[in-house]
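[1] Build me a structure from this.
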Amino acid sequence: MVSWYPNRLDNFDGDFIQRHARAVALYCKVHVIYVKKDESMQPGTSLIVTAESGNLTEEIIYYNSTATPVKLLDKLLSYRSYKKYYAAAIHRYIERSGIPPVVHVHVAMKAGLAALWMKKKWSIPFIITEHWTGYHKQSVPSLYNQGRVFKRLNKEVLKGAKTLLPVTKDLGRAINLFAPHLPFRVVPNVVNTALFKYEPVVKPAFRFIHISYMNYQKNPGGIITAAAKLKEMGYDFEVLMLGNDNETLRAMANEHALLNSVIFFQQPVAYGKVAFHMQNASAFLLFSRFENLPCVILEALCCGLPVISSNVGGIAEVVDKENGILVESENTEQLVAAMKFMIDNYHSFDKLKISERATAAFNYNTVGEMIFENYG
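    Presented below is the predicted three-dimensional model:
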């Protein structure tokens, strides 16, 4: 049961959940069910798309509900359809394969409501892997600015779980502030280490790489400001900004006379191409305002890149003096100093060692086994 998953509307929505599913499918059969509203469809219609690969079956149900002039009524009708299609998918699965021994939920709301219903109806236990940054009060959006009903149901799902598996200790503690006394075990995000691996590429220039949606959370503007200050100090370097096109950021880089000379923007690319761009970079940059455990940091480490990141969420659980530098969120002066130190002391970072350490911790087999151990 997944609340996010790659789909025809967004190939990157919850792609880290898909990698978790592929990892645990190395150890057992996995059937993913995801229900997604698609407003391009005729109201009242649905479409089931199924894909199978080895032990993994992915079933995505697209639907569209009847539209009304009343926004609240629209939401209620949509949720009613969501529940109907989820229940139908669950019944189809049980008729074909029998009652499963355990249900694995990724992101409590709202797929966890289906798991809670299955527990009440068939006494099937469920576990939750949580990824949502919304348990942090500084997050936008945050659990704490949701309505009472959402918060009550979220807490009910969390408390109904057999096991809670946050992707970081920091996230587990944040969840406990909302729903106290819930024991948890950390299972991190996973990396396709067949793609993201160390390649000793000769780089023509010192290149920082930043990969994100280029939104408020990731604070890419802070990186541009830091780059401008570092350039004023006479340093020679590049910053590749890989992600959603943003005219405001382009204008900002242009104002600093950095566009296409120091700051280079590139649209999102296929997953394998991301690895290529990392392998052709010198270091990874992230200056987020809030996070859990960004997959891009793990992927960068597997490629052997030292990381400069703001010290938010669970990032300090994987980034230390051997593989990177942590700075305070929104402290541009610290970011400039870290970038300067990285260029001046790049030789002190053992890229192969960084890659080997990360690869051992975040590969499919290691994480898949960690997940599977919680199914018993």
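
[2] need the contact list for Lys155.
    Phe178, Ala179 (Cβ atoms under 8 Å, 6 or more residues apart in numbering). Every residue, glycine included, has its C-beta placed from N, CA and C.

[3] Domain parsing of this structure, as residue ranges.
    By the record's domain assignment, the chain is partitioned as 15-191+367-372, 207-362 (automatic domain parsing).

[4] which of those domains sits most buried?
    Highest mean neighbour count of the domains of the chain: domain 207-362, a mean of 19 (counted as mean count of other Cβ atoms under 10 Å).

[5] Span of that one from start to end?
    25 Å (Cα to Cα, to the nearest Å).

[6] What of stretch 354-373?
    27 Å.

[7] average pLDDT for that stretch?
    For stretch 354-373, mean pLDDT is 98.

[8] could the domains of the chain go into JSON lines alongside distance to Pro200?
    Formatted as JSON lines, those follow (distance: least, Cβ to Cβ, whole Å):
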{"stretch": "domain 15-191+367-372", "distance to Pro200": "19"}
{"stretch": "domain 207-362", "distance to Pro200": "8"}
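
[9] right, and the helix or strand after the helix or strand Ile127 falls within?
    Secondary structure assignment for Ile127, by DSSP states H and E: strand 126-130. Downstream of strand 126-130, the next assigned helix or strand under DSSP H and E is helix 148-160.

[10] Contacts for the strand holding Ile127, please.
    Contact with strand 126-130 is made by 1, 17, 20, 102-108, 112, 115-116, 118-119, 157-158, 160-167, 171, 175, 187, 371, 374-375, as judged by Cβ under 8 Å, 6+ apart.

[11] Also stretch 57-72?
    The contact list for stretch 57-72 (Cβ under 8 Å, 6+ apart) reads 5, 7-8, 18, 21, 29-52, 74, 77-78, 80-82, 85-86, 88-89.

[12] Please flag which of those residues sit within strands.
    30-37, 46-52 (DSSP state E).

[13] quick one: secondary structure of Glu369?
    helix (DSSP: H, G, I helix; E, B strand; the rest coil).

[14] next one: the one 5 residues further on
    When classified by three-state DSSP, Asn374 comes out as coil.

[15] which residues pair with the closest residue to it other than its chain neighbours across the strands?
    Using Cβ to Cβ, 6 or more residues apart in numbering and skipping residues adjacent in sequence, the residue nearest Asn374 is Thr163, 5.2 Å away. On the basis of DSSP bridges, Thr163 is bridged to Ile127.

[16] Looking at the domains of the chain, which is nearest to Lys197?
    domain 207-362 (6.3 Å; Cβ to Cβ).

[17] roughly how far out does the closest one sit from the chain middle?
    Computed by Cα atoms, centre = their mean, to the nearest Å, the chain-centroid distance of domain 207-362 equals 17 Å.

[18] One more: stretch 186-204?
    Taking Cα atoms, centre = their mean, one finds stretch 186-204 lying 16 Å from the centre of the chain it belongs to.

[19] Ok, stretch 150-161 next?
    Put simply, stretch 150-161 sits 21 Å off its chain's centre (Cα atoms, centre = their mean).

[20] Let me know the average pLDDT across that stretch.
    98.

[21] Please save the CA atoms from that stretch in PDB.
    Output in PDB follows, covering the C-alpha atoms of stretch 150-161 (Å, rounded to 0.1, in the frame of the first residue of the first chain):
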ATOM      1  CA  PHE A 150      -6.300  14.400   8.900                       C
ATOM      2  CA  LYS A 151      -4.300  14.500  12.100                       C
ATOM      3  CA  ARG A 152      -6.600  12.100  13.900                       C
ATOM      4  CA  LEU A 153      -6.600   9.600  11.100                       C
ATOM      5  CA  ASN A 154      -2.800   9.900  10.600                       C
ATOM      6  CA  LYS A 155      -2.300   9.200  14.300                       C
ATOM      7  CA  GLU A 156      -4.700   6.200  14.200                       C
ATOM      8  CA  VAL A 157      -2.800   4.700  11.300                       C
ATOM      9  CA  LEU A 158       0.500   5.100  13.000                       C
ATOM     10  CA  LYS A 159      -0.700   3.600  16.300                       C
ATOM     11  CA  GLY A 160      -2.300   0.700  14.400                       C
ATOM     12  CA  ALA A 161       1.000  -0.400  12.800                       C
END
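
[22] gap between the closest residue to Phe264 other than its chain neighbours and Leu305?
    Spatial nearest neighbour of Phe264, excluding adjacent residues (Cβ to Cβ, 6+ apart): Leu240 at 5.2 Å. As judged by Cβ to Cβ, to the nearest Å, Leu240 and Leu305 stand 12 Å apart.

[23] so what sits against both of the two?
    Each of Ile209, Ala281 lies in contact with both Leu240 and Leu305 under the rule Cβ under 8 Å, 6+ apart.

[24] coming back round to it: and the residue nearest to Asn374, what is it in contact with?
    So, once contact is read as Cβ under 8 Å, 6+ apart, Thr163 ends up touching Ile127, Ile128, Phe184, Arg185, Asn374.

[25] What number of residues are in the vicinity of the last one?
    Here the number of neighbours of Asn374 (other Cβ atoms under 10 Å) works out to 17.

[26] my read: it touches Phe184, true?
    No - when contacts are counted by Cβ atoms under 8 Å, Asn374 is not listed as touching Phe184 (10.8 Å).

[27] shared neighbours of the two, anything?
    Joint contacts of Asn374 and Phe184 (Cβ under 8 Å, 6+ apart) are Thr163, Leu165.

[28] check contacts around Phe341.
    The neighbours of Phe341, taking Cβ under 8 Å, 6+ apart as the test, are Ile325.

[29] tell me the pLDDT at the nearest residue to Glu317 once chain neighbours are set aside?
    Nearest residue to Glu317 in three dimensions, chain neighbours excluded: Thr168, at 5.5 Å (Cβ to Cβ, 6+ apart). pLDDT, Thr168: 97.
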